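**Q** Just to be clear, the model below is a prediction. Sequence and coordinates:
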Amino acid sequence: MEVGFLGLGIMGKAMASRLLKHGFRVTVWNRTRSKCQELVEQGASIGETPALVVKKCKYTIAMLSDPAAALSVVFEKDGVLEQISEGKGYIDMSTVDAETSSKISEAVLKKGGSFVEAPVSGSKKQAEDGQLIILSAGDKALYEVMVPVFDVLGKKSFFLGEVGKGARLKLVVNMIMGSMMNALSEGLCLADRSGLSLQTLLDVLDLGGCANPMFKLKGPAMIESKYPPAFPLKHQQKDMRLALSLGDEHAVSMPIAAASNEAFKKARSHELGDLDFSAVYEVVKGTASGHAA
Ligand SMILES: NC(=O)C1=CN([C@@H]2O[C@H](COP(=O)(O)OP(=O)(O)OC[C@H]3O[C@@H](n4cnc5c(N)ncnc54)[C@H](OP(=O)(O)O)[C@@H]3O)[C@@H](O)[C@H]2O)C=CC1
Ligand SMILES: O=CCCC(=O)O
C-alpha cells in the first residue's frame, strides 16, 4: 500500500518511519523540506507539494501542529483539495478542534474524497514503538481500509462515529493530562520547599493509587530541570485552549483546566514553548525566566 504523509515533526517523522519499516511505500512532504531527508534515507519518496502527494497516493495522512496548519495544508495553493477526488482518502491525525476537522471533512467530501480524523494519544516513544492510541471518526469504510496502517502505528484504534468525536475525545484526554502535569509540578514544588525528597515523592506516587506512566517517565527529568521535547509545551497549551473553548460551548465550568492553561501560557511567555510540556514546572517553581532552554 502506498501512503502519503504530510508533516514530519516529532510525531510525523516517527510515524512515517514506522510505516516504512513495516513495508509501506511512503511519499512524504514537509513544509521545511530538509526534514524529509532522513525519511528518504529510509526509503521514502518526496512529494513536492501536498497536492502532488495526494495525486500520487490513494491515501494521505497528515500530522500537523495545529488548526491553522491543518487548514492551510488542505485549502491553500498546492494543497490537498487540488487533487483529492473520488477513490482517495485523507486521514488527519493532528490534534485539532472539531470545527477544523469538520471544515476539512466537508471540503474533502465535496470533492468526492473520503475523510477520517484520527488524533492520537501517546507521544514520541509510543509513535516510534507503534503503541499509539488512535481516536478515529468519520468515514467508516475509509477507517476499515486504514486499519492495517493503524495497527502498525498503534496498540489500539477506536472508531467513534461521526467527524468531531475523535477531535473532542482527544481534547478531553489532553485537558486531563495537562491538569495532571500542573498538579505534579505543584506537588514537586511543595515537597521541595517543605524539605522532602523529590525522588521519594515520585517513588510513593508510583506505588499508590495515582501512579501513572506520565509521572514515572517525566518526573525524574523534571527533578533535574530537563525537558527534552517529546510533547512540545506550545502544543499542550493549544490543546488546553481548544478544550476550554469546548467547555465554553457546552457551559462546562473547568477551573482546574483554566488555571493549568494560564500556567502553560506563562511558560510560553518565558519562551519555554518548544520544550516538553513538563517545563511548566519552571513556572510553578517561579524559575522560568532563569531556565535556559
Ligand atoms: N508530540 C507529541 O507527543 C504529540 C503530538 N500530538 C499532536 O500531533 C501534532 C504534531 O505534533 P508534533 O509532531 O509534536 O509537532 P511538531 O511541532 O514537532 O511538528 C509540527 C509539524 O507541523 C508542521 N507545520 C506547522 N505549521 C505548518 C504550516 N502552517 N503549514 C504546514 N506545515 C506546518 C511542521 O512543519 P515544519 O517542520 O516546517 O515546522 C511540522 O511538520 C500536533 O497536533 C500535536 O498536538 C499528538 C500526540 C502526541
Ligand atoms: O497530545 C499529546 C499526548 C502526549 C501523550 O499522550 O503522552
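**A** Good, I have the coordinates. Numbers count the residues shown, from 1 in each chain. Ligands and ions are numbered 1, 2, ... in the order given.

**Q** Most proximal residue of the protein with respect to ligand 1?
**A** residue 9 (1.8 Å; C-beta to the nearest ligand atom). The way it works is simple: take the backbone N, C-alpha and C, and place the C-beta from them, glycine included.

**Q** my read: that residue touches residue 63, true?
**A** Yes. Here residue 9 reaches residue 63: they are 6.9 Å apart, a contact under C-beta atoms under 8 Å.

**Q** Looking at the two, which has the bigger crowd around it?
**A** residue 63 (28 against 20; other C-beta atoms under 10 Å).

**Q** That one and residue 132: what is the separation?
**A** According to C-beta to C-beta, to the nearest Å, residue 63 stands 11 Å off from residue 132.

**Q** Repeat that for residue 85.
**A** Counting by C-beta to C-beta, the gap from residue 85 to residue 132 is 29 Å.

**Q** Please identify which of these two sits among more neighbours.
**A** residue 132 (27 against 13).

**Q** For that one, give me phi and psi.
**A** phi -70, psi 160 (degrees, to the nearest 10).

**Q** With residue 112 instead?
**A** Dihedral angles for residue 112 - degrees, to the nearest 10 - are phi 100, psi 0.

**Q** for the one 3 residues further on, same thing?
**A** The phi/psi pair for residue 115 (degrees, to the nearest 10) reads phi -140, psi 140.

**Q** right, and it touches residue 163 too?
**A** Yes. Using C-beta under 8 Å, residue 115 is in contact with residue 163, at 6.9 Å.

**Q** which residues do the two both contact?
**A** Jointly contacting residue 115 and residue 163 under the rule C-beta atoms under 8 Å, 6 or more residues apart in numbering are 105, 138.

**Q** circling back to that earlier point, overlap in contacts of residue 63 and residue 132?
**A** Applying C-beta under 8 Å, 6+ apart, one finds that residue 63 and residue 132 are jointly contacted by residue 15.

**Q** Is ligand 1 within reach of the helix ranked longest in the chain?
**A** What stands out as the longest helix in the chain, according to DSSP state H, is helix 165-193. No. Applying C-beta under 6 Å from any ligand atom, one finds helix 165-193 separated from ligand 1 by no less than 7.6 Å.

**Q** just checking, next helix/strand downstream of that helix?
**A** Using DSSP states H and E, the helix or strand that follows helix 165-193 in sequence is helix 198-207.

**Q** What segments of the protein are strands?
**A** Using DSSP state E, the strands of the chain run over residues 2-6, 25-29, 45-46, 59-62, 89-92, 114-117, 120-121, 132-138, 154-159.

**Q** can you tell which of these is closest to residue 99?
**A** strand 114-117 (11.6 Å; C-beta to C-beta).

**Q** Find the residue closest to residue 252 in space, skipping its chain neighbours.
**A** The shortest distance from residue 252 to any non-neighbouring residue, by C-beta to C-beta, 6 or more residues apart in numbering, is to residue 246 (7.9 Å).

**Q** wait, what's in contact with that neighbour?
**A** 97, 98, 168, 171, 172, 252.

**Q** Need the buried ones from the residues you listed selected in PyMOL.
**A** The buried residues among the contacts of residue 246 can be selected in PyMOL (16 or more other C-beta atoms under 10 Å) with this line:
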select buried, resi 97+98+168+171
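
**Q** need the contacts of residue 246 in TSV with distance to residue 68, can you?
**A** What follows is the contacts of residue 246, written out as TSV (distance: C-beta to C-beta, whole Å):
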residue	distance to residue 68
97	11
98	16
168	19
171	16
172	22
252	25
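
**Q** and which of the contacts of residue 246 is nearest to residue 21?
**A** residue 171 (30.4 Å).

**Q** Not counting its neighbours along the chain, what's nearest residue 30?
**A** residue 8 (4.1 Å).
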